[in-house]
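# My questions are about this predicted structure, shown below with the sequence.
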Amino acid sequence: ADENNWTGDFSAVTEAGTYYITCGGLDQSYSFTIGNDVYDSLLDDSVKMLYLQRCGTEVKDSTFGHAACHDTLATLYHTNEKIDVSGGWHDAGDYGRYVVPGAKSVADLLIAYDANPKLFSDSIGIPESGNGVADILDEARVELEWLLKMQNGWGGVYDKVVTAQFPDFIMPDQDQAPLYIMQEMTTSTGDFVGAMALAYSIYQDIDPEFAQRCLDAAKLSWDYLQSATLSVYTNPEGFSAGQYSDDNDTDERYLASAALYAATGEQKYLDSVKTIFQASTDRRTKI
């Protein structure tokens, strides 16, 4: 960013409170807190950041709030078919919605919750707060519901839904460009399976019907992967959306099989894990 960055040592400050810095003719700094509990809300803030990335719905926030956005039907690229793929989260740097990083983010949330459920509250200030379910799971479900819309009828999972060009620096509801769904990929499908299988394991005691939907979707896409060969995404001419290209889907297939084995205990998924691991080991040995 071609900026000068400075650090400040405030260890001599012993009185807890909210402070700011002034220096000569420079603008006053943002306010910051000094105290023993400044990081206590970090996990809640991290989850609420995902709420601010929600797509297809109104987001209420004094800074990042916006009206419902990207709620029109999207066109399946190279066809005339239009599909409802509303919902989910905007990507980190644009308003596209991408299966690979989205599924990875969901997996991270679910693994974090599974590791220590008591760390996560039901009161971070999202619309679902106070419903008796940890907000981290409510937020993960927002993306999971969108991911389910990205699965086609035979188990392949579309790679992304984007506009042809990155939007200008505008609010989400001002982005009115046509939406396109890009073709299914083995990488996006493998990540989808991993997220859905993890979701089954986490939600089966919270919402059994939703958990079963996730498991059924994971199994369908895993079956699709067994006969699908590696597909590598590149933007077609006229598109400048994020690519997330990957010329090796071994790790996605491994995740898919391992997560389904953890969810179901079925031997075929464990056999797949062993086969993928052995093949990977053989390749490393040969090299």
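Now that the structure is in, tell me what you want to look at. Numbers count the residues shown, from 1 in each chain.
# Centroid-nearest residue for the chain?
The centroid of the chain falls nearest to Gly102 when counting by C-alpha atoms, centre = their mean (2.4 Å).
# okay, that residue: pLDDT?
Looking at Gly102, its pLDDT is 97.
# That one: which element?
Here Gly102, judged by DSSP states H and E, is contained in helix 99-115.
# buried ones in that helix?
If you call a residue buried by 16 or more other C-beta atoms under 10 Å, then helix 99-115 has these buried ones: 99-107, 109-110, 112-113. Using the backbone N, CA and C atoms, a C-beta is placed for each residue, glycine as well.
# for the helix or strand that comes right after that helix, packing partners?
Once helix 99-115 ends, the next helix or strand along the chain (criterion: DSSP H and E) is helix 135-149. Judged by 3 or more C-beta pairs under 8 Å, 6 or more residues apart in numbering; DSSP states H and E, the packing partners of helix 135-149 are helix 42-52, helix 99-115, helix 186-203, helix 208-227.
# Could you identify the helix or strand that succeeds the shortest one?
As assigned by DSSP H and E, the chain's next helix or strand after helix 42-52 is strand 74-76.
# Alpha carbons of the helix or strand of the chain with the lowest mean pLDDT, as CSV, please.
Across the helices and strands of the chain, mean pLDDT, DSSP states H and E gives its lowest value to helix 267-286, namely a mean of 88. Extracted as CSV, the C-alpha positions of helix 267-286 are listed here (Å, rounded to 0.1, in the frame of the first residue of the first chain):
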residue,chain,number,x,y,z
GLN,A,267,-15.8,-48.8,5.0
LYS,A,268,-15.8,-47.5,1.4
TYR,A,269,-14.9,-44.0,2.5
LEU,A,270,-12.0,-45.3,4.6
ASP,A,271,-10.8,-47.5,1.7
SER,A,272,-10.8,-44.3,-0.4
VAL,A,273,-8.8,-42.4,2.2
LYS,A,274,-6.2,-45.2,2.2
THR,A,275,-6.1,-45.4,-1.6
ILE,A,276,-5.6,-41.7,-2.0
PHE,A,277,-2.9,-41.6,0.7
GLN,A,278,-1.0,-44.5,-0.8
ALA,A,279,-1.1,-43.0,-4.2
SER,A,280,0.2,-39.8,-2.9
THR,A,281,3.0,-41.6,-1.0
ASP,A,282,4.0,-43.5,-4.1
ARG,A,283,4.2,-40.3,-6.1
ARG,A,284,6.5,-38.7,-3.6
THR,A,285,8.7,-41.8,-3.5
LYS,A,286,9.0,-41.9,-7.2
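# Provide the contact partners of it at residue level.
Helix 267-286 is contacted by residues Trp222, Thr250, Arg253, Tyr254, Ser257, Ala258, Leu260, Tyr261 when judged by C-beta atoms under 8 Å, 6 or more residues apart in numbering.
# likewise stretch 220-234?
Under the criterion C-beta under 8 Å, 6+ apart, residues 151, 154-157, 159, 182-187, 189-190, 192-193, 196, 243-249, 253, 256-257, 260, 269 lie in contact with stretch 220-234.
# same check, this time on stretch 70-83
Applying C-beta under 8 Å, 6+ apart, the contact partners of stretch 70-83 are 55-57, 84-86, 95, 149, 158, 161, 172, 175, 178-183, 236.
# Pretty sure Thr33 sits in a strand.
Yes. Counting by DSSP: H, G, I helix; E, B strand; the rest coil, Thr33 is located in a strand.
# what are the bridge partners for it, then?
Counting by DSSP bridges, Thr33 is bridged to Thr18.
# ok, it - how many residues close by?
11 (other C-beta atoms under 10 Å).
# Let me see the contact set for it.
Ala16, Gly17, Thr18, Tyr19.
# For those, give me JSON lines that also has pLDDT and distance to Tyr51.
JSON lines is the format used below for the contacts of Thr33 (pLDDT from 0 to 100; distance: C-beta to C-beta, whole Å):
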{"residue": "Ala16", "pLDDT": "96", "distance to Tyr51": "28"}
{"residue": "Gly17", "pLDDT": "97", "distance to Tyr51": "28"}
{"residue": "Thr18", "pLDDT": "97", "distance to Tyr51": "24"}
{"residue": "Tyr19", "pLDDT": "97", "distance to Tyr51": "28"}
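# Just give me the closest of these to Cys214.
In terms of C-beta to C-beta, no member of the contacts of Thr33 lies closer to Cys214 than Thr18, at 43.1 Å.
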